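A.B. asks: Any chance you can model this:
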Amino acid sequence: MIVTKWERFFNGINALLLVIIALTMFFPFLYIFTISFSSIESYLSNELLLWPEKFVTDAYRHILSNDRFIHSLGVTVYITVIGTLLNLLFTTTMAYGLSKSFYGQKAFMLGVLITFLFSAGIIPTYLVVRATGLLDTTWALMLPILISPWNLIIFRQFFRGIPEELSEAAHIDGAGELTIFRTIILPLSKPALATFGLFYAVAHWNSYFTGILYISDSSKWPIQVLLRQIVIVNDSNALQQQVLTNPPPAETIQMAAILLATVPILIVYPFLQKHFAKGVMLGSVKG
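C.D. replies: Sure thing, here's the model as predicted:
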C-alpha cells in the first residue's frame, strides 16, 4: 500500500494532536501526584512543581489512618460492587426478554424509549425515593439508576444478533429460558458485560450528587461526597480525626485524597481491557 505525502502529513498532524491531548489530560494527574508527595517547604517555595523534591507521605498517612475516610471508601466500594452487579442483572434480563417476540413487546419498548427521551426530574425522583423509605440508605444510591435505557437498548440489539439456532438447539435438549440465558447467552456476552459493567462501575464510583441529595447522615457518605467536602467546600472538619500532631498542609491532604479516590477505579480497567475493546463496537454497522 502506497502512502502519499499528504497522508503522511495528515497522520503526523493526528499523532501530534493526540500527543497534545494526552499530555493535557496527564498533567493534572502529575500535578496532583507531585503535590500530594511534597513537603510543606517545597510546596510553599515553588509556584509550580512537576516532581517532588523529596517524597513525603505525611498526607497519605494522615488520610489512611483516618476512620472516616476509610469508612467512606468502604461505602463507595460496596455501592460500586453491589450496584454494578444489580445493574447488569436487571439490564441483561430485561434486555433478553425484550429481544424475544411476544405480545405487547412494542408497548414495553415504547416505555423504555420514553424514559430514555424524557426524565422525570430531580424533585419527582426525590419524592419517590422518600416515599419508598430509601432516604439515608445506600439503596438510594443504587436503585433509582438500576437500569440505563441506553444500555438496555444496546444489550437488546446484541442479544438479537446471537444466532437463534443456539437457543433452538438448547430447547430441543430440554433447556429452559433461564438455563439458556445463563449457560449460552451470558458466556457469549462477555464483551458487552465488561463494557457496560465498567460504565456502570465508573458511574457508581464517581457519583456524588445523589449522595448529597439522598444521604444526610455523614457516616454514610460515599467517598466522592467526602472528597467534595475536603476539596471544594474546604471543610476543615471533614476529616475529624487528627492523626498527626502537626498535620500536613490542607492542599497536600486534598491532593492525596483525590489520588486515593481516583486510583482504585483506574486499576480495574486493565483487567477488562481485552473485553472492553470488543465491547465498544457493540451496535456498530457490520459489513
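A.B. asks: Could you check how far the residue nearest to the spatial centre of the chain is from Asn87?
C.D. replies: Closest to where the C-alpha atoms of the chain average out (Cα atoms, centre = their mean) is Val202, at 0.4 Å. Separation of Val202 from Asn87 (Cβ to Cβ, to the nearest Å) stands at 12 Å. Any C-beta I mention is one placed from the backbone N, CA and C, and that applies to glycine too.
A.B. asks: thinking again about what came up before, state whether the residue nearest to the centre of the chain and Thr262 are indeed in contact, as I suppose.
C.D. replies: No - using Cβ atoms under 8 Å, Val202 is not in contact with Thr262, being 10.9 Å away.
A.B. asks: Overlap in contacts, these two.
C.D. replies: Residues touching both Val202 and Thr262 by Cβ atoms under 8 Å, 6 or more residues apart in numbering: none at all.
A.B. asks: where in the stretch 101-250 of the chain is pLDDT low?
C.D. replies: Where the stretch 101-250 of the chain drops to pLDDT under 70, the residues are 232-248.
A.B. asks: Please enumerate the helices of it.
C.D. replies: 105-117, 122-131, 149-160, 164-172, 177-180, 186-188, 190-206, 209-214, 223-231, 250-279 (DSSP state H, counting those that start in this stretch).
A.B. asks: picking up where we left off before, residues contacting the nearest residue to the residue nearest to the centre of the chain once chain neighbours are set aside?
C.D. replies: Leaving aside its sequence neighbours, Val202 sits nearest to Ile265 (Cβ to Cβ, 6 or more residues apart in numbering; 6.0 Å). Each residue near Ile265 by Cβ under 8 Å, 6+ apart is listed here: Thr80, Ala201, Val202, Trp205, Asn206.
A.B. asks: Distance-wise, check the fourth one relative to Ile223.
C.D. replies: The reference is to Trp205. Distance of Trp205 to Ile223, given as Cβ to Cβ: 8 Å.
A.B. asks: more neighbours, these two?
C.D. replies: For Trp205 and Ile223, the more surrounded residue by other Cβ atoms under 10 Å is Ile223, and the numbers stand at 27 against 22.
A.B. asks: and that one, how far is that from Leu146?
C.D. replies: Per Cβ to Cβ, Ile223 is found 21 Å from Leu146.
A.B. asks: Thr84 now?
C.D. replies: According to Cβ to Cβ, Thr84 and Leu146 sit 11 Å apart.
A.B. asks: Repeat that for Ala203.
C.D. replies: For Ala203 relative to Leu146 (Cβ to Cβ), the value is 12 Å.
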